[in-house]
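# Give me coordinates for this.
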Amino acid sequence: QKLINNNRVKLVGPEDIRTLEVVNYLGMLYTDKKDLKQAKVLYKRALGAYERLYGEKHHGTQKIINNLALLYNSEGNYEQAELMLKHCLEACERLFGRENDVTLAVVNNLGLLYDNKGDLDKAEMFYNLSLKVTKRILGHQHPSTLLRLSNLAYLYQQKGDLDLAESTFKSCLEIREGLLGDKHPDTLHSMEMLAGLYVQKDYSEEADALYRRILEAYEKVYGSNDKYNLTTIFNLASFYQKEGNYEQAEALLRRCLKAEEKLLNKEHPDIMATYDQLAKCLTEMNRHDEAIFLRRKELAWCRKQKG
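Have a look, this model is predicted:
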């Protein structure tokens, strides 16, 4: 990705709008990788150039503000994220109207922010608003509609309305499976969310069957070391651990850890999360020395993050 960006800069210049679009996409990729420090550098670089060259009225300027606010949200800097998203929403509504795709994305992301803050009633208000308008403009089968429907389903799950969450997840899954097939990443994500709900509802057989179906699909299509496949392995291991099946849980967590250590930086948060879950599993099995070894690694990581 760096090579692509460098080639783009050589061809059209560092402040050409096409270069800035690539810088924004690079920021999104680093965000997805959880390299928030590098993503922030790229977003701020792009935002400075957009504001200087095109002003706040350009779609690109508001998209970057939205992405940077999401990054602050991911960091837990909710005050800065809320400030930026509210400013972005006001600008988008004034410049592009309430039914513009950028405006609706900001409305949805305000829901996500309040969801993360634990203000679920306010989150529900923004999610519903975004979903209602998106469905009317783009239709009930559009990817943006289904993404927002999934967000709302998870909100219902958090609020404890598990039956409504289940029916909403199933509606989303049915549409995605019909449109995209049963091995598309969006379909598999819907299955993953539904499986997690089944765990919460103590539907053990349904959860086990669905997790295994997801795992089989990921391995067949994307390979055993795909990042989403590793998420499913981790979730299935956590499910087995909850069920008291510690040996199977340990085997899956070690498989997950082995792949993560090959694919990711050794101090990546996902590796630390796997250490944490594996330490819990080992503690349940009375293998305390092994658990202490992992906890020491976690502690060293935490101290390093705090600087």
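# Work out the gap between stretch 257-270 and the centre of the chain.
Mean-position distance between stretch 257-270 and its chain equals 18 Å (Cα atoms, centre = their mean, to the nearest Å).
# and what of stretch 109-129?
Here stretch 109-129 is found 15 Å from its chain centre; the criterion is Cα atoms, centre = their mean.
# Between its first and last residues, how far does it reach?
End-to-end distance for stretch 109-129, by Cα to Cα, to the nearest Å: 12 Å.
# What of stretch 45-59?
With Cα to Cα as the measure, the first residue of stretch 45-59 is 16 Å from its last.
# For it, buried residues please.
45-47, 49-50, 58 (16 or more other Cβ atoms under 10 Å). The C-beta positions use only the backbone N, C-alpha and C, and glycine is treated the same way.
# got it, and stretch 89-101?
Residues 89, 91-92, 95-96, 100 are the ones in stretch 89-101 that count as buried (16+ other Cβ under 10 Å).
# a markdown table please, covering those and showing secondary structure.
Putting the buried residues of stretch 89-101 into a markdown table (DSSP: H, G, I helix; E, B strand; the rest coil) gives the following:
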| residue | secondary structure |
| --- | --- |
| Leu89 | helix |
| Ala91 | helix |
| Cys92 | helix |
| Leu95 | helix |
| Phe96 | helix |
| Asn100 | coil |
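# which one of these is nearest Leu110?
Each of those was scored against Leu110 by Cβ to Cβ, and Leu89 proved nearest at 6.6 Å.
# Check which element follows the helix or strand bottoming out on mean pLDDT in the chain along the chain.
Sorting the helices and strands of the chain by mean pLDDT, DSSP states H and E puts helix 2-12 at the bottom, at a mean of 45. Proceeding N to C from helix 2-12, the next assigned helix or strand is helix 17-32, under DSSP states H and E.
# what about that following helix, average pLDDT?
Averaging pLDDT along helix 17-32 yields 87.
# quick one, the next helix-or-strand element following that helix and helix 17-32 angle?
Using DSSP H and E, the helix or strand that follows helix 17-32 towards the C-terminus is helix 36-53. Direction vectors for helix 36-53 and helix 17-32, defined by axes from the mean of the first three to the mean of the last three Cα atoms, to 10 degrees, enclose an angle of 160 degrees.
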